[in-house]
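[1] This is the structure alone, sequence omitted:
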């Protein structure tokens, strides 16, 4: 009986979102265009009276940075978290 090849294991990219709370004007573009839908409006107000976004599912962020690309005020951005990769640990060279 022929041996079936093993499936390659892949690690889904994880990301982080950074929000500049006081720069946000609450337009909602980041919430609307987030592909994994991990952002929502906060129930709190910033100093200017707007509801900035907050991360509601931290493990769902992919770091795609679409939130940052759509933000007209540069109040939010996403990054891919590479802390688990060999390159980040100095291995693989």
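    Received the coordinates, thanks. These numbers were taken from a predicted model, which means no experiment stands behind them.
[2] distance of the nearest residue to residue 71 once chain neighbours are set aside from residue 38?
    Nearest residue to residue 71, sequence neighbours excluded (Cβ to Cβ, 6 or more residues apart in numbering): residue 30, at 5.6 Å. Using the backbone N, CA and C atoms, a C-beta is placed for each residue, glycine as well. Counting by Cβ to Cβ, to the nearest Å, the gap from residue 30 to residue 38 is 10 Å.
[3] higher neighbour count, those two?
    Taking other Cβ atoms under 10 Å, residue 30 and residue 38 do not tie; residue 30 has more neighbours (24 against 21).
[4] Return the set of buried residues in the helix or strand that contains the more buried one.
    Assigned by DSSP states H and E, residue 30 belongs to helix 29-33. Across helix 29-33, burial judged by 16 or more other Cβ atoms under 10 Å covers 29, 30, 31.
[5] Among these, which one sits closest to residue 76?
    residue 30 (5.1 Å; Cβ to Cβ).
[6] low pLDDT regions in this structure?
    1-13, 84-93 (pLDDT under 70).
[7] pretty sure the residue nearest to residue 71 contacts residue 77?
    No. The pair residue 30 / residue 77 is not scored as a contact, 9.5 Å apart, by Cβ atoms under 8 Å.
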